[in-house]
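**Q** How does the following fold in three dimensions:
(one chain, ligands or ions: 1)
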Amino acid sequence: MKVDGIPFRTIWLGRDGHSVEVIDQTRFPHRFEILRLETVGDAASAIRDMVVRGAPLIGATAAYGVALAMHDDASEDALDRALDELAATRPTAINLRWALDRMAALLRPLDPAAREAAAYAEAAAICDEDVEINAAIGRHGLAIIEKIAAGKPAGKPVRILTHCNAGWLATVDWGTATAPIYMAHDAGIPVHVWVDETRPRNQGASLTAWELGHHGVPHTVVVDNVGGHLMQHGLVDMVIVGTDRTTARGDVCNKIGTYLKALAADDNGVPFYVALPSPTIDFRVHDGVAEIPIEERGGAEVSEISGLGPDGEVTTVTITPPGSPVANYAFDVTPARLVTGLVTERGIVAANEAAIAAAFPERAGGR
Ligand code: MRU
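**A** From the prediction side, this is the model:
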């Protein structure tokens with residue numbers, strides 16, 4: 001996507017041919033800064049500290065992290081250490097393990113002398129494939145928006161609610177949940193996006209709102225508790241969210257609070273779609289609530305909040321009483337029964353085991 005007229009992806013190879021550059025997402029929405037990753041440790045820190053985040057981008061960064069490790073030392077030991085260090089960064093998004101498994105399967109049989117070039121080429125391929133997948137999700141999701149638009153009076157916007165940031169900043173480009181929105185907007189279909197703020201880290205308020213604003217997509221930021229009210233009053237035509245891991249039977253793990261939106265959508269007859277790139281399917285798990293590890297992050301994300309002060313500096317304030325314990329669960333699971341459809345690169349797939357397996361037969365029953 002373009003930032004002030006300049007085309008950007010979220011991750012790219014540096015001019016020196018080995019370092020990797022990323023957009024520092026901890027600085028949004030008030031600063032646009034680029035960070036250079038020189039080592040596998042830099043890549044691991046970028047994922048852990050959420051300089052990069054969003055399931056597909058976590059996978060792409062991990063792939064480049066392996067390449068950075070191979071640049072320094074392409075031995076078997078170094079490969080093992082890199083895979084372990086990167087795998088330990090965040091527990092929930094399955095794209096991380098998917099990318100590491102893919103890198104390991106490619107690199108292990110190779111002579112160490114061949115590993116560096118192969119690793120960089122594979123990381124680049126993972127990035128290019130992510131862009132293709134998201135563009136395809138966009139085309140399939142666009143058909144849903146077109147259908148809703150066709151049932152509305154001319155000129156009335158399709159009102160779409162989204163949670164967290166499943167936008168281009170969460171992927172290499174396009175985004176998953178946002179790809180259909182960008183394509184609809186570009187096609188001249190009026191859309192309006194309700195952007196959940198997404199406490200505690202505010203990915204909606206600081207990332208999704210920034211993205212949509214830069215692309216000219218009309219949107220309104222709401223606090224996380226507003227969705228149910230909007231749906232009760234007929235102000236939402238569809239919900240579309242991303243996912244960090246979707247199980248073989250279609251349970252969807254995504255940013256904390258997604259489940260509550262799905263419940264409200266179900267209660268109000270609002271279609272609830274999940275944009276799902278196939279690397280985000282974990283065919284090894286079925287019951288999402290029981291089997292998916294849910295990341296618990298530091299309490300400061302709950303007890304503190306940051307924003308731009310009147311002096312133009314970003315400042316952090318505490319919002320809880322001293323000594324009050326806090327809990328910070330980062331993801332929840334929406335059961336498949338609440339999902340209207342999975343918008344994949346191969347079309348709209350029902351959220352059940354048979355339909356998912358039929359859409360991705362080469363991966364079903366295994367990896
Ligand atoms: O904690 P984050 O910001 O990495 O969580 C991101 C999300 O929950 C996204 O919705 C998900 O990764 C899908 S991104 C296309």
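**Q** The stretch 1-150 of the chain against the ligand: which residues are in contact?
**A** Proximity of the stretch 1-150 of the chain to the ligand, by Cβ under 6 Å from any ligand atom, involves residues 53, 54, 55, 56, 93. Where C-beta positions appear, they are placed from N, C-alpha and C, glycine not excepted.
**Q** May I ask which of those has the most neighbours?
**A** Comparing those by number of neighbours (other Cβ atoms under 10 Å), residue 56 comes first, having 32 neighbours.
**Q** Can you classify it as helix, strand or coil?
**A** With DSSP: H, G, I helix; E, B strand; the rest coil as the basis, residue 56 sits in helix.
**Q** how close does it sit to residue 163?
**A** 17 Å (Cβ to Cβ, to the nearest Å).
**Q** cool, residue 62 as well?
**A** Distance, residue 62 to residue 163, using Cβ to Cβ: 24 Å.
**Q** more crowded one of the two?
**A** Each of residue 62 and residue 163 has its neighbours counted (other Cβ under 10 Å); residue 62 has more, 33 against 29.
**Q** before we move on, the earlier item: please identify which pair of the residues of the stretch 1-150 of the chain next to the ligand lies farthest apart.
**A** 53 and 56 (10.3 Å; Cβ to Cβ).
**Q** Give the intersection of the neighbour lists for the two.
**A** residue 170 (Cβ atoms under 8 Å, 6 or more residues apart in numbering).
**Q** State the number of residues packed around whichever residue of the chain sits closest to the ligand.
**A** Nearest residue of the chain to the ligand (Cβ to the nearest ligand atom) works out as residue 242 at 2.7 Å. By other Cβ under 10 Å, 29 other residues sit near residue 242.
**Q** Now the residue lying closest to it once chain neighbours are set aside: phi and psi?
**A** Closest residue to residue 242 in three dimensions, ignoring its sequence neighbours and counting by Cβ to Cβ, 6 or more residues apart in numbering: residue 166, at 2.6 Å. Dihedral pair for residue 166: phi -110, psi 40, per degrees, to the nearest 10.
**Q** mind listing what residue 166 touches?
**A** 54, 175, 176, 177, 178, 208, 241, 242, 243, 254, 275.
**Q** And the residue nearest to the third one when sequence neighbours are not counted, what's its pLDDT?
**A** The shortest distance from residue 176 to any residue other than its chain neighbours is 3.6 Å, reached at residue 275 (Cβ to Cβ, 6+ apart). Residue 275 is assigned a pLDDT of 99 by the prediction.
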